[in-house]
Every structure is written in structure tokens, then in C-alpha cells.
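# Compute the structure for the input listed below.
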Amino acid sequence: MTQSEWAGLGDMVRWRLYREYVAEQQGTYAYVSAFALSMAMRRGLVLKHDAVYSNINSSRLRGTVEAFLNALDRLSAVTTFTHTAAYEWDVAWELTWRRVQFHSQGLFGWGNDEYDVDCDAVQLFTALSAVSSASNSLTSSTFFTRGYAFWGLPSLHRLTHQARGMEVDGNYWLPSLSTDDDEFTHDDPSLFAEIREIGGPLAFMQRTESLTRQLVAWERSFSRLTSLTCRVDTGWLERSDGRLIAATGLCNGLQYATGVEELRLVFRPDAITDEPPWYIHPDGLDQLPSPDKAGLTESEQISQRIFGAMLPICAHLRSLHLSLETSASDLLGLFTRLSSLRHLELYYVILLPGNGHWETILEGAAEQLHLERVGLRSLVDFNGTQSRCILHPDTPAFKTEGGNGNLYKEYEEAIVHFVLRRSDSLPHLTSEEYLRFAQGS
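You can find the predicted model right below:
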């Protein structure tokens with residue numbers, strides 16, 4: 001529809017179109033939610049005597065879900081599971097409806113992204129648990145999550161609670177997580193409301209047992225994998241302990257991946273791709289803020305948990321890609337276990353303040369590892385509260401008119417060659433120092 005055609009429509013026509021659009025969108029959301037919930041029921045994530053089950057009254061929908069999951073069970077030749085979050089890439093359909101075109105920012109501002117994320121997480125977990133429990137040859141799994149998803153029993157409780165469409169005072173219930181283990185809060189009014197809605201304490205405990213069985217079975221299925229790519233986008237974790245909740249849930253499964261040979265682990269905001277995240281800047285541009293004491297302590301705990309879960313699964317690891325916040329001690333401790341590693345990639349890795357510098361890490365890698373390939377990109381450390389970013393192609397020092405841009409590849413190769421033991425000395429890591437040395441000044 002052209003702008004002039006739209007301008008020629010009367011207010012009555014526009015409102016009629018709007019009401020029809022809203023009705024279709026609500027129908028779509030209702031179907032997606034019902035599909036996700038029906039799958040969850042089929043897998044035992046939601047009990048069939050739950051009061052909300054009566055809302056799923058479409059025999060065609062239940063038949064579709066049953067056929068889909070039965071098909072998964074019959075895919076005995078499956079070796080690879082690959083998941084792509086539809087809400088990240090398939091957005092073009094939302095920009096037009098019939099012949100009406102929407103302004104993308106306006107659509108985003110009034111859209112329902114969080115709904116899409118949770119629906120995707122319900123379907124992802126259902127598909128993962130179905131495929132991993134079937135009699136097949138699954139050895140490779142690739143998936144992406146945003147927010148709490150199904151990382152740990154409290155998160156899975158929240159997710160299936162949310163899939164049931166129940167909201168209490170605008171807040172979905174998520175139990176707290178202590179530093180040692182999952183711990184349910186007992187004074188949360190939304191928890192009591194859910195217990196009443198689901199049919200009482202016994203029904204709630206049955207649901208908890210069902211969720212626990214599903215979650216543990218999926219976590220243990222990591223032992224079947226030789227290749228694992230897991231991207232956890234932490235940008236939507238709003239609670240103060242949100243990243244710790246997700247990391248703990250991740251580690252519960254990661255510890256079982258004892259046969260993995262190829263591991264790609266991304267645990268940060270903007271985790272969907274390997275493109276530079278918005279918060280990492282080249283030297284000479286905006287500084288990465290140093291976290292406060294509480295944030296630093298949590299980040300250190302997260303690093304210790306993730307690397308603690310990785311230590312027992314290193315025996316067969318030949319390829320490793322990491323993108324997260326960590327410490328020199330955690331990385332160097334991991335290097336001592338990676339005798340089989342031949343390919344290492346460190347992309348957008350941040351050494352937390354007071355937790356070492358990249359000179360120590362790269363020297364340790366050269367000394368302890370026997371690598372054939374290395375990829376290094378945008379590595380950050382701190383000198384006090386001042387951040388430093390090395391190996392970033394867009395560093396201003398390499399973008400001057402003096403031809404320094406040609407030196408970036410040499411700078412990168414010099415560092416890589418040192419890690420691969422093809423040279424004896426580590427070059428200067430700071431871009432300005434490297435250029436002064438390279439130009440003989």
C-alpha cells in the first residue's frame with residue numbers, strides 16, 4: 001500500500017484494519033503458545049490434569065504435536081541437532097501485513113519479544129529432550145538460549161509456568177538460587193498462587209518431579225555428544241543473580257560431556273553470533289567499565305563454575321572456542337588439562353579486573369598447549385579500572401593514513417606464531433607499543 005493510498009483511508013477503515021490485524025496476531029500467539037504447551041504436556045513437562053489443559057481443546061493441534069514428537073522418536077539415524085532462534089532472524093514477516101507496511105522501530109517498541117523468547121525456549125527444550133532420549137545416533141548438538149530459558153530446575157519451573165499463560169501481579173515466579181544449590185523461596189505469593197492454580201501441593205510436587213526427571217535426563221544426554229555448541233545470551237537476565245542461575249544450569253549438563261571433542265561455549269550478551277559485541281571497543285575508543293564489587297564477585301563465581309565443569313571433560317577435547325568473562329588462573333588451570341587440544345579460539349574474552357593480563361595467558365598457552373591452529377579476537381584485560389583491548393582489527397592505531405592498516409595482519413600473525421611456538425618472543429600486545437617497535441621509533 002502506497003503512502004497516498006494509506007492517507008486516503010478514513011479513520012473507520014484504519015481502525016477496522018487494526019482490529020483485524022490484532023485479532024490475527026493474537027490468534028498466531030495463541031496457536032504458538034498452545035503448540036508449545038501441548039508439546040510440554042506430551043513430554044510430561046506440564047501435567048495433563050493441570051487446570052490449563054482444558055484450554056488446549058484442539059484435537060487437530062494435539063494430533064499435530066503427537067505426530068511431530070513421534071516422528072522425532074523414529075529418527076533413528078539422527079546424528080546432529082541444530083537450533084536457530086526464529087525470533088532472531090525471521091522478522092521480515094512482521095514488517096508487512098496484507099498490504100500494510102509497518103515502521104520497524106515502532107513494531108519493536110510495541111512488540112512482544114519476551115513472549116517469542118519464552119515460546120522458543122519451551123519448544124527448544126521439548127525438542128532437545130525428545131531427540132536426546134530417542135534411540136538414535138545423536139553426537140552433535142548446537143543451540144542458543146536467551147535469558148533464563150531452562151537452565152536449572154527453577155528456570156524450567158518458570159518457563160513452564162509462563163507457558164501456561166499464568167501471570168501474577170505482572171511478575172512470573174522464579175525461585176531464588178543459593179550459591180551452593182537450587183533453593184525454593186517459601187514466602188513468594190506467586191508460588192502459592194501457582195500451587196492453588198495447579199491443583200494443590202501434591203500436584204505441584206508431581207509436576208516438580210516430572211520437570212526434574214526431564215531435566216536430569218537431558219543433562220545426562222550430554223555424555224553422548226562429541227560436538228557441542230552452546231550459546232547463552234545473558235543480556236536478558238535481570239535479577240542480580242541471573243547470570244549465576246544460568247551458569248549453574250549450564251554446568252549441570254556440561255559436566256557430563258566427557259566424550260566431547262569439539263566445544264564452542266559462548267556465555268555473554270550478544271551471544272547469537274561471533275560478531276563484535278556492542279560493549280567491547282578497540283583501544284582508544286570508549287572504555288569498558290570496571291564492574292562493581294558485587295558484579296565482580298559474581299563474575300568470578302561464574303567463571304569458577306564454568307571452568308570447574310570443563311575440567312573433567314577435557315580428555316578428548318581437540319577444538320575449543322570460548323567467549324566469556326574469566327580469570328587468568330581459570331584459563332591457565334584449564335590449559336593444564338588440554339593435552340589433546342589442537343585448535344583454540346578465544347573471541348571477546350574479558351579477563352576480570354585483578355584477574356591477570358593477556359601476556360600471562362598467551363605465554364601459558366605457548367608453554368602448555370600443542371596447537372596447530374589459533375584464533376584470537378578482541379581480548380580485554382584491566383590495569384586497575386582502565387580496560388585494554390588487544391587484537392581488535394578496528395583499533396584506531398591501525399586505521400591511520402600512514403599505512404598502519406597493513407600492519408594489523410602482521411601484528412596478529414606475530415602473536416599467533418608465538419602461541420604456536422613458531423617464534424621465541426611474544427610481541428608487544430598494546431597496538432601503540434607494537435607499532436613503535438615495528439617502525440623502529
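
# can you pull the contacts of the closest residue to V117 other than its chain neighbours?
Sequence neighbours aside, R146 is the residue nearest to V117 in space, at 5.1 Å (criterion: C-beta to C-beta, 6 or more residues apart in numbering). Using the backbone N, CA and C atoms, a C-beta is placed for each residue, glycine as well. By C-beta atoms under 8 Å, 6 or more residues apart in numbering, the residues touching R146 are A85, V117, A121, D233, G235, W236.

# and stretch 148-158, how far out from the chain's middle?
Computed by C-alpha atoms, centre = their mean, to the nearest Å, the chain-centroid distance of stretch 148-158 equals 13 Å.

# again, but for stretch 252-266
14 Å.

# In it, which residues are buried?
By neighbour count on 16 or more other C-beta atoms under 10 Å, the buried set for stretch 252-266 is 252-257, 259-266.

# Name the surrounding residues that touch that stretch.
By C-beta under 8 Å, 6+ apart, stretch 252-266 touches 152, 215, 218-232, 306, 309-310, 312-313, 315-324.

# Contact partners for L331?
With C-beta under 8 Å, 6+ apart, L331 has these contacts: F307, I361, G364.

# And the last one, how close does it get to I245?
By that I understand G364. Relative to I245, G364 is positioned 31 Å away (C-beta to C-beta, to the nearest Å).

# Looking at the two, which has the bigger crowd around it?
I245 (22 against 19; other C-beta atoms under 10 Å).

# Wait, the more buried one touches L153, no?
No - between I245 and L153 there is no contact under C-beta atoms under 8 Å: 10.3 Å.

# one step back: ok, of the contacts of R146, which come out buried?
Buried among the contacts of R146 by 16+ other C-beta under 10 Å: A85, V117, A121, D233, W236.

# quick one: which of the buried residues of stretch 252-266 is nearest S339?
The shortest approach to S339 among the buried residues of stretch 252-266 belongs to E261, at 13.2 Å (C-beta to C-beta).

# Greatest separation within the contacts of R146: which pair is it?
Every pair of the contacts of R146 checked by C-beta to C-beta; the farthest is A121 and G235, at 14.6 Å.

# wait, doesn't T229 sit right on T84?
No - in this structure, T229 is not within contact of T84 by C-beta under 8 Å, at 11.4 Å.

# between those two, who's got more neighbours?
Between T229 and T84, T229 has the larger neighbour count (other C-beta under 10 Å), namely 17 against 13.

# Helices - which of the buried ones among the contacts of R146 land there?
V117, A121 (DSSP state H).

# Tell me the one of the buried ones among the contacts of R146 nearest L429?
Closest to L429, out of all of the buried ones among the contacts of R146 and judged by C-beta to C-beta, is D233, at 28.7 Å.

# Between the contacts of L331, which sits nearest R337?
Closest to R337, out of all of these and judged by C-beta to C-beta, is F307, at 9.9 Å.

# Just give the nearest non-adjacent residue to the closest one, would you?
Here the residue nearest F307, using C-beta to C-beta, 6+ apart, is D330, at 4.2 Å.

# coming back round to it: dump the buried ones among the contacts of R146 into TSV; add distance to H428 and pLDDT as well.
Shown next, in TSV, are the buried ones among the contacts of R146 (distance: C-beta to C-beta, whole Å; pLDDT from 0 to 100):
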residue	distance to H428	pLDDT
A85	40	82
V117	43	80
A121	45	85
D233	34	94
W236	38	81
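
# Closest one of the buried ones among the contacts of R146 to A67?
For those, the nearest to A67 is A121 (22.4 Å; C-beta to C-beta).

# thought that closest one was touching W151?
No - contact criterion C-beta under 8 Å: A121 and W151 do not qualify, at 9.6 Å.

# gap between H281 and G308?
In terms of C-beta to C-beta, H281 sits 31 Å off from G308.

# about what we covered before: in helices only, show me the contacts of L331.
Filtering these for helices - DSSP H - leaves F307, I361, G364.

# could I get stretch 358-372 in PDB with only the CA atoms?
Taking Å, rounded to 0.1, in the frame of the first residue of the first chain, the C-alpha atoms of stretch 358-372 are listed here in PDB:
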ATOM      1  CA  TRP A 358      46.900 -11.500  28.400                       C
ATOM      2  CA  GLU A 359      50.700 -11.700  28.400                       C
ATOM      3  CA  THR A 360      50.500 -14.400  31.100                       C
ATOM      4  CA  ILE A 361      47.700 -16.200  29.200                       C
ATOM      5  CA  LEU A 362      49.500 -16.300  25.900                       C
ATOM      6  CA  GLU A 363      52.800 -17.300  27.400                       C
ATOM      7  CA  GLY A 364      51.000 -20.100  29.300                       C
ATOM      8  CA  ALA A 365      49.300 -21.300  26.100                       C
ATOM      9  CA  ALA A 366      52.600 -21.400  24.200                       C
ATOM     10  CA  GLU A 367      54.200 -23.400  27.000                       C
ATOM     11  CA  GLN A 368      51.400 -25.800  27.900                       C
ATOM     12  CA  LEU A 369      49.500 -26.400  24.700                       C
ATOM     13  CA  HIS A 370      50.500 -28.200  21.400                       C
ATOM     14  CA  LEU A 371      48.300 -26.300  19.000                       C
ATOM     15  CA  GLU A 372      48.000 -26.400  15.200                       C
END
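
# and that stretch, how far out from the chain's middle?
On C-alpha atoms, centre = their mean, the centre of stretch 358-372 falls 27 Å from the chain's centre.

# can you check stretch 275-290 too?
That offset, for stretch 275-290, works out to 20 Å (C-alpha atoms, centre = their mean).

# Helix, strand, or coil at the nearest residue to P393 once chain neighbours are set aside?
Nearest non-adjacent residue to P393, counting by C-beta to C-beta, 6+ apart: Y408, 5.8 Å away. Taken by DSSP: H, G, I helix; E, B strand; the rest coil, the conformation at Y408 corresponds to helix.

# Mind pulling up the pLDDT for Y408?
At Y408, the model reports a pLDDT of 89.

# I'd assumed P396 was in contact with it.
No - Y408 is not in contact with P396 according to C-beta under 8 Å; the separation is 11.4 Å.

# These two - which one has more neighbours?
Higher neighbour count among Y408 and P396: Y408, with 20 against 14, using other C-beta under 10 Å.

# For that one, which residues are in contact?
Applying C-beta under 8 Å, 6+ apart, the residues near Y408 are P393, T395, F398.

# Out of those residues, which comes closest to L369?
Among those, and counting by C-beta to C-beta, the member closest to L369 is P393, at 24.1 Å.

# Pull the number of nearby residues for P289.
10.

# three-state assignment of it?
P289 - assigned by three-state DSSP - is coil.

# pLDDT below threshold where in the stretch 1-150 of the chain?
1, 25-65, 69, 72-73, 75, 86-97, 100-115 (pLDDT under 70).

# And the residue nearest to V117, its phi and psi?
For R146, the backbone dihedrals are phi -130, psi 130 (criterion: degrees, to the nearest 10).
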